[in-house]
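Asks: any chance you could fold what I've pasted below:
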Amino acid sequence: MAKTAPKQKAQKRIFLVDDHPIFREGLVGLVERDAEWVVCGQADNAAQAFTAIEQLKPDLVLADIGLPGRSGVELLKDLQTIAPDLPVLVISMHDETLYAERLLRAGARGYIMKQEPPDRIVEGIRQVLNGQIYFSASISGRILSALSGRTTSKDSPLARLTDRELEVFRLLGEGRNNHAIAKQLHITHKTVDAHRGNIRQKLQLKNGTELISYAARWLEAEATAH
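Replies: Numbering: from 1, shown residues only. Presented below is the predicted three-dimensional model:
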């Protein structure tokens, strides 16, 4: 009697969202080193990603948060409406101390800095595919402290901002005016003004000039640090 060939394990399908083609290409190579994983699709913006993910139904999404148009944070929230159980692992250059908790609240299952070595990214992918949450040790400790009600005096003042306010703050630092911000975020000019006022109040800044200067310095410091 002929032996039955062992049934091949189905590959886990991974979708990539990043607006840098070279980084996406590197991720494809990293992911497909593992015979159990395959990249099923790619996108360079949130709108394109949302449509493709809805059609392809991947097992995991690897996404950046600094995307053109709608941010990766907004994409996460949108995906929660169509696939609340879809695991998303964020791979980004942005400061994890500022974004990790926000992304966890938005539905992410993990956060890895782009500067991490490849084996750390692979470890994160494997853990999230296995149903676990993946953050760096330092961020995991901060999140546990927050959940237990303990706070730290080292929190950035920017932690006081809402997700939308932080997005407006980042765009101001990039030199965008109110009109450009309103167009990119699909909100009104009046709403941008309201966000700017709230940001100034929370950061204790006197006027719009101080706000723009603060935002620009923060972006520069973040780029230098990473």
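
Asks: all strands for the protein, in order.
Replies: Under the criterion DSSP state E, the chain contains strands at 12-17, 37-43, 60-63, 88-92, 110-113.

Asks: and the residue most central in space within the chain, what's its pLDDT?
Replies: For the chain, residue 65 is the residue whose C-alpha lies nearest the centre (C-alpha atoms, centre = their mean; 3.4 Å). On the pLDDT scale, residue 65 is placed at 88.

Asks: how far away is it from residue 57?
Replies: 22 Å (C-beta to C-beta, to the nearest Å). Just so you know, the C-beta spots here come from the backbone N, C-alpha and C atoms, and that holds for glycine as well.

Asks: what's the average pLDDT for the longest helix seen in the chain?
Replies: Longest helix in the chain, counting residues (DSSP state H): helix 208-225. Average pLDDT, helix 208-225: 80.

Asks: neighbouring contacts of that helix?
Replies: 94-95, 158, 169-170, 172-175, 196, 199-200, 203, 205 (C-beta atoms under 8 Å, 6 or more residues apart in numbering).

Asks: now that helix: buried residues?
Replies: For helix 208-225, burial by neighbour count (16 or more other C-beta atoms under 10 Å) applies to 211, 212, 214, 215, 218, 219.

Asks: burial measure for residue 158, as a count.
Replies: 20 (other C-beta atoms under 10 Å).

Asks: how is the protein partitioned into domains?
Replies: 12-147, 157-225 (automatic domain parsing).

Asks: any chance you could map the helices in the protein?
Replies: Using DSSP H, helices in the chain cover 21-31, 46-56, 72-82, 96-106, 118-129, 137-147, 163-173, 178-185, 189-203, 208-225.

Asks: can you redo these as a markdown table with distance to residue 112?
Replies: Formatted as a markdown table, these follow (distance: least, C-beta to C-beta, whole Å):
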| stretch | distance to residue 112 |
| --- | --- |
| helix 21-31 | 11 |
| helix 46-56 | 18 |
| helix 72-82 | 13 |
| helix 96-106 | 8 |
| helix 118-129 | 5 |
| helix 137-147 | 10 |
| helix 163-173 | 20 |
| helix 178-185 | 26 |
| helix 189-203 | 28 |
| helix 208-225 | 16 |
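
Asks: what's the least confident stretch among those?
Replies: helix 137-147 (a mean of 60).

Asks: right, and residue 100 touches residue 111 too?
Replies: Yes. Using C-beta atoms under 8 Å, residue 100 is in contact with residue 111, at 4.6 Å.

Asks: ok, back up a step: looks like the residue nearest to the centre of the chain contacts residue 88 (just checking).
Replies: No. Counting by C-beta under 8 Å, residue 65 does not reach residue 88; the two are 10.5 Å apart.

Asks: what sits opposite the nearest residue to residue 49 once chain neighbours are set aside in the beta ladder?
Replies: Spatial nearest neighbour of residue 49, excluding adjacent residues (C-beta to C-beta, 6 or more residues apart in numbering): residue 43 at 3.7 Å. Counting by DSSP bridges, residue 43 is bridged to residue 17.

Asks: what's the neighbour count on residue 9?
Replies: 8.

Asks: quick check: closest non-adjacent residue to it.
Replies: Per C-beta to C-beta, 6+ apart, closest to residue 9 is residue 36, 6.4 Å.

Asks: thank you, goodbye.
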